[in-house]
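[1] Just a sequence and a predicted model for now, questions to come.
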Amino acid sequence: MKKLLLTVAATVLCGGLQLTAFAGPNEDLKEYRDLFMKKFPSVPFQEFANGVYAIDKQQRANWEQIEEFPPYEPYIDQGKALFETAFKNGKTYADCFPNKGIGIADRYPHWDKKRGKVMTMELAIQECREANGEKKLPYSKGKLVSIEAYMAYTSRGKKTDVVIPTDDPRALEAYNKGKEFYFTRRGQLNFSCAHCHFQNAGMLVRTDRLSPALGQTTHMPKYRSKWGAMGSLHRRFKGCNKQVRAAPFKDQSEEYRNLEYFLTHMSNGIELNGPGARK
């Protein structure tokens, strides 16, 4: 842990936000929320679940029309069918999860103390398949993400509640690695995640308005018009890395799982409304 913290800059400043390497998750959360509530004072806290549509009236109007016939509905239906289809051994996904897998998206990601790593929903779905003798599915899109979309849909209204255990220093280390990743410049453009979604949140890049970081995980997975399909949070991470001309990490890599752990914790208290639809 000490070695990790020494690799992080003593203080990170971005758009008025100050997150120190030695601050704890609760301190970070307060600073994080305060920044966005001050930057967008007319936006109710729960509205940040709607991303850029919470701060851009014109884009919101277009989005509300799309939501009348959501493009993600077929994926929810496909996910439900897959979720309920028995494996060759007669079991289903419901046998792998508490509450039979219904309404549990608020429990992800979480720290798995026994294995000493961050567990994401996608990883849990994949491990369920393997434990039941089924072949692995591709991450980030396709059938696995449809299953994730269905599980997210059954969890709408639950509040994000990512806990960083205080009794396991490895959990705090994973959180801090995710935090470090988020504020580290990378790629040929020398940008960090924070440059777009903290410092310049709400600003325009050509015709696109940059969404606030607060609430970004609540509507995942999501259908993007750009993709023409559903995609996972890690698919979005990879896309952002490519946009700044940085080599992306693999789906469900330790780097992306730790980043998801940090980013989701920063949205604690905001209701889940996934799957979502975005440009």
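    Here it is on my side, so go on.
[2] Mind checking what secondary structure F198 has?
    helix (DSSP: H, G, I helix; E, B strand; the rest coil).
[3] and it, how many neighbours does it have?
    Neighbour count for F198, taken as other CB atoms under 10 Å: 26. (Glycine included, C-beta is placed from N, CA and C.)
[4] what does R107 give?
    R107 - counted by other CB under 10 Å - has 18 other residues nearby.
[5] do the same with G187
    Neighbour count for G187, taken as other CB under 10 Å: 16.
[6] Now do the SS call for R156.
    Three-state call for R156 (three-state DSSP): coil.
[7] Report the separation between it and T218.
    As judged by CB to CB, to the nearest Å, R156 and T218 stand 10 Å apart.
[8] Mutual contacts of these two, please.
    E271, L272, N273, G274 (CB atoms under 8 Å, 6 or more residues apart in numbering).
[9] Looking at neighbours, which among the residues you listed is most surrounded?
    Scoring these on neighbours with other CB under 10 Å, the highest-scoring entry is L272 at 25 neighbours.
[10] hang on, the earlier thing: please say which of R156 and T218 ends up with more neighbours.
    Applying other CB under 10 Å to R156 and T218 shows that T218 carries more neighbours, namely 26 against 15.
[11] So that one sits against T160, correct?
    Yes - in terms of CB atoms under 8 Å, T218 counts as a neighbour of T160; the distance is 6.1 Å.
[12] for the record, mean pLDDT for stretch 182-201?
    Averaged across stretch 182-201, the pLDDT comes to 94.
[13] For it, buried residues please.
    Neighbour-count burial for stretch 182-201, counted by 16 or more other CB atoms under 10 Å, picks out 182-183, 186-187, 191-198, 200-201.
[14] how deep is L214 tucked in, by neighbour count?
    By the measure other CB under 10 Å, the count of residues near L214 is 28.
[15] Could you measure from T218 over to E84?
    Distance from T218 to E84, by CB to CB: 25 Å.
[16] same question, A61
    Per CB to CB, A61 is found 37 Å from E84.
[17] With H265 instead?
    Distance from H265 to E84, by CB to CB: 32 Å.
[18] So which of these two has more stuff around it?
    Applying other CB under 10 Å to H265 and E84 shows that H265 carries more neighbours, namely 23 against 12.
[19] tell me the contacts of that one?
    Counting by CB under 8 Å, 6+ apart, H265 touches P25, L29, V162, I164, Y175.
[20] Quickly check these for the two that are furthest apart.
    L29 and Y175 (11.0 Å; CB to CB).
[21] about what we covered before: now pLDDT too, for the contacts of H265, in CSV please.
    Converted to CSV, these look like this (pLDDT from 0 to 100):
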residue, pLDDT
P25, 94
L29, 94
V162, 97
I164, 96
Y175, 97
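[22] from the residues you listed, which is closest to P212?
    For these, the closest approach to P212 (CB to CB) belongs to L29, at 14.9 Å.
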